[in-house]
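Trainee: let me see the structure of the following:
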Amino acid sequence: VQLQASGGGLVQAGGSLRLSCAGSGPTFSNYGMGWFRQAPGKEREFVAVISRSGITTQYADSVKGRFTISRDNAKKTVYLQMNSLKPEDTAVYYCAADFRGVGVQESEYEYWGQGTLVTVSS
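Mentor: Here you go, the predicted model:
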């Protein structure tokens, strides 16, 4: 599985962005898909994950109620809708694929995209 993240950019606090992660290969729907982020000077952290079918989702407490993860298996794409953005959401966002389901740890993911930068100005 190859993953290509896009949709990052510069946005003012309170604004919205939608990130996309396009997958390739015939087995995209076999993978749980997650989003992680890495802020400057910090370790990469879990943001959200969605199960293979899209029925199950899980979010980090810091984004719960503001971010929504979704997927379209026909398009082999996973999305992260980010609303009410805060300066502390500034980070490089990565999508990743987890064959086993809905992991929240980096070590559970087999494939990673290249990252897309989100900058939230105050």
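Trainee: and the helix or strand hosting residue 35, what's buried?
Mentor: Using DSSP states H and E, residue 35 falls within strand 32-38. Under the neighbour-count criterion of 16 or more other C-beta atoms under 10 Å, strand 32-38 has 32-37 buried. Just so you know, the C-beta spots here come from the backbone N, C-alpha and C atoms, and that holds for glycine as well.
Trainee: list the contacts of it.
Mentor: 19, 21, 23, 44-52, 69, 71, 78, 80, 89, 91-104, 106, 109, 115, 118 (C-beta atoms under 8 Å, 6 or more residues apart in numbering).
Trainee: show me which of these are buried.
Mentor: 19, 21, 23, 44, 46-52, 69, 71, 78, 80, 89, 91-98, 102-104, 106, 109, 115, 118.
Trainee: residue 7: what's it in contact with?
Mentor: Residue 7 touches 17-20, 116, counting by C-beta under 8 Å, 6+ apart.
Trainee: what do you get for residue 31?
Mentor: Residues near residue 31 by C-beta under 8 Å, 6+ apart: 1, 23, 52, 97-99, 110-111.
Trainee: can you do 7 Å?
Mentor: When contacts are counted by C-beta atoms under 7 Å, 6 or more residues apart in numbering, residue 31 is found next to 1, 52, 97-99.
Trainee: and residue 19, which of the three is it?
Mentor: strand (DSSP: H, G, I helix; E, B strand; the rest coil).
Trainee: returning to that earlier point: just put the contacts of residue 31 in TSV and tack on pLDDT and secondary structure.
Mentor: Formatted as TSV, the contacts of residue 31 follow (pLDDT from 0 to 100; DSSP: H, G, I helix; E, B strand; the rest coil):
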residue	pLDDT	secondary structure
1	84	coil
52	95	coil
97	96	strand
98	94	strand
99	91	coil
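Trainee: hmm, which two among these are most spread apart?
Mentor: 1 and 52 (12.4 Å; C-beta to C-beta).
Trainee: now the residue positioned nearest the centre of the chain: how far from residue 72?
Mentor: What sits nearest the mean C-alpha location of the chain, by C-alpha atoms, centre = their mean, is residue 35, with 2.5 Å. Separation of residue 35 from residue 72 (C-beta to C-beta, to the nearest Å) stands at 15 Å.
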